[in-house]
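Undergrad: can't give you the sequence, but here's the structure:
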């Protein structure tokens, strides 16, 4: 429960708000001349579907990679709606890539201007984050979340079993309103 | 309790690790030609002791202000020691000043290289941080902390009553080891 009495949600950025898979495919095609089909990313660990995985990891340190990522379908409208009834925090493990810190803040300001700076958390390990819900694409984060975890489908996690999986923002929205009392 | 079984501590940066008062006094003297005595900062809200408070607030947006702040006495040695027995997180409300994000990460890398990126949190509101202890100079953060708050003395908070006050890193260290079972 947030301090204002609303239920709280921690929402991840990469693969949940930002379409990092599409960005990786586009950047790989642009910089290395090979376009991977999006479907090839399903069921394999992040980066494994690309001919040279190390090149994909290099993107994470390159200026502009996070700043220019496309937004996942439905994210803006749904998160804006959720802000009416929940206390929404954007919680991103950005600290491994310091150049991404300002890019992620600017990206949020551009696409999610209704999110206050007070509700943005750029961190490393998320195990100290205490919210009623956590929407994330990584089990390493959901395994230690203190509230109800929701696994947001991304190619790399399609083979993982988890209690609550949401495949898109419509499903996330429906789950949240079906599992809270507002 | 951290996921590794250690008790966890959230440690603030400004006025707790970084000597922001000294930095403000030095910058004001350098840029506006008036040196305020450090003692004048005691018992008044942040910035109020300076002839023009708005000038002090401008510093918070200026490149280099956070990056070049001096370290508070005893912080490095004590935090290093605490890392042996506690899970230490650095939790700073940096999001209001986006240019400070990279500066704060670089400052920590320089002065506290033993702190992993996994244990750094740059946020806005700290009420979703869940640690066993929180060391902070602001009641707005301690009022909502889920564990044991510890008010770290800074000029602006000297007139505030709070259960646990520590005046320096020696006192913080002594309190932590006296109030945990390791």
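TA: Structure's in. What do you need? None of the values given here were measured: they were computed from a predicted structure.
Undergrad: Following the record's annotation, map out the domains of chain A.
TA: A:8-19+A:71-178, A:20-59 (automatic domain parsing).
Undergrad: export the ones you listed to JSON lines and tack on mean pLDDT and mean neighbour count?
TA: C-beta here means a position set from N, CA and C on the backbone, and glycine is covered the same way. Formatted as JSON lines, the domains of chain A follow (pLDDT from 0 to 100; neighbours: other Cβ atoms under 10 Å in any protein chain shown):
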{"stretch": "domain A:8-19+A:71-178", "mean pLDDT": "97", "mean neighbour count": "19"}
{"stretch": "domain A:20-59", "mean pLDDT": "95", "mean neighbour count": "15"}
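Undergrad: would you list those in TSV and tack on distance to chain B?
TA: Converted to TSV, the domains of chain A look like this (distance: least, Cβ to the nearest Cβ, whole Å):
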stretch	distance to chain B
domain A:8-19+A:71-178	3
domain A:20-59	16
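Undergrad: how about those domains in TSV, adding distance to residue B:13?
TA: Output for those, formatted as TSV (distance: least, Cβ to Cβ, whole Å):
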stretch	distance to residue B:13
domain A:8-19+A:71-178	14
domain A:20-59	29
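Undergrad: now the strands for chain A?
TA: A:8-11, A:87-92, A:120-122, A:133-136, A:148-152, A:165-166 (DSSP state E).
Undergrad: Please name the residues that touch residue A:119.
TA: A:87, A:88, A:89, A:90, B:124, B:125 (Cβ atoms under 8 Å, 6 or more residues apart in numbering or on different chains).
Undergrad: if we go to 10 Å?
TA: Residues near residue A:119 by Cβ atoms under 10 Å, 6 or more residues apart in numbering or on different chains: A:2, A:8, A:10-11, A:83, A:87-91, A:108, A:112, B:95, B:123-125, B:128.
Undergrad: same thing with residue A:20?
TA: A:13-14, A:46, A:59-60, A:65-66, A:69-70, A:72, A:137, A:154-155.
Undergrad: In TSV, list the strands of chain A along with distance to residue A:22.
TA: Shown next, in TSV, are those (distance: least, Cβ to Cβ, whole Å):
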stretch	distance to residue A:22
strand A:8-11	19
strand A:87-92	18
strand A:120-122	22
strand A:133-136	19
strand A:148-152	15
strand A:165-166	19
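Undergrad: closest to residue B:36 out of these?
TA: The closest of the strands of chain A to residue B:36 is strand A:120-122. By Cβ to Cβ, the value is 33.1 Å.
Undergrad: And the helices in chain A?
TA: Assigned by DSSP state H, chain A shows helices spanning A:20-32, A:53-59, A:75-85, A:100-111, A:139-142, A:169-178.
Undergrad: Serialize those to CSV and add fields for distance to residue B:24.
TA: Below are the helices of chain A laid out as CSV (distance: least, Cβ to Cβ, whole Å):
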stretch, distance to residue B:24
helix A:20-32, 40
helix A:53-59, 40
helix A:75-85, 35
helix A:100-111, 24
helix A:139-142, 37
helix A:169-178, 44
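Undergrad: Residue A:180 reaches residue A:87, doesn't it?
TA: No. Using Cβ atoms under 10 Å, residue A:180 makes no contact with residue A:87, being 11.8 Å away.
Undergrad: which residues are common contacts for these two?
TA: Residues touching both residue A:180 and residue A:87 (Cβ under 10 Å, 6+ apart) are A:6, A:7, A:9, A:132.
Undergrad: what's the neighbour count on the first one?
TA: It stands for residue A:6. Residues lying near residue A:6 (other Cβ atoms under 10 Å in any protein chain shown) number 17.
Undergrad: mind checking how far it is from chain B?
TA: 12 Å (Cβ to the nearest Cβ, to the nearest Å).
Undergrad: Who is the residue lying closest to that residue once chain neighbours are set aside paired with across the strands?
TA: Among residues not flanking residue A:6 along the chain, residue A:87 sits closest, at 4.3 Å (Cβ to Cβ, 6 or more residues apart in numbering or on different chains). Counting by DSSP bridges, residue A:87 is bridged to residue A:8.
Undergrad: Contacts only, for residue A:87.
TA: A:1-10, A:119, A:131-132, B:125, B:127-128 are the contacts of residue A:87 under Cβ under 10 Å, 6+ apart.
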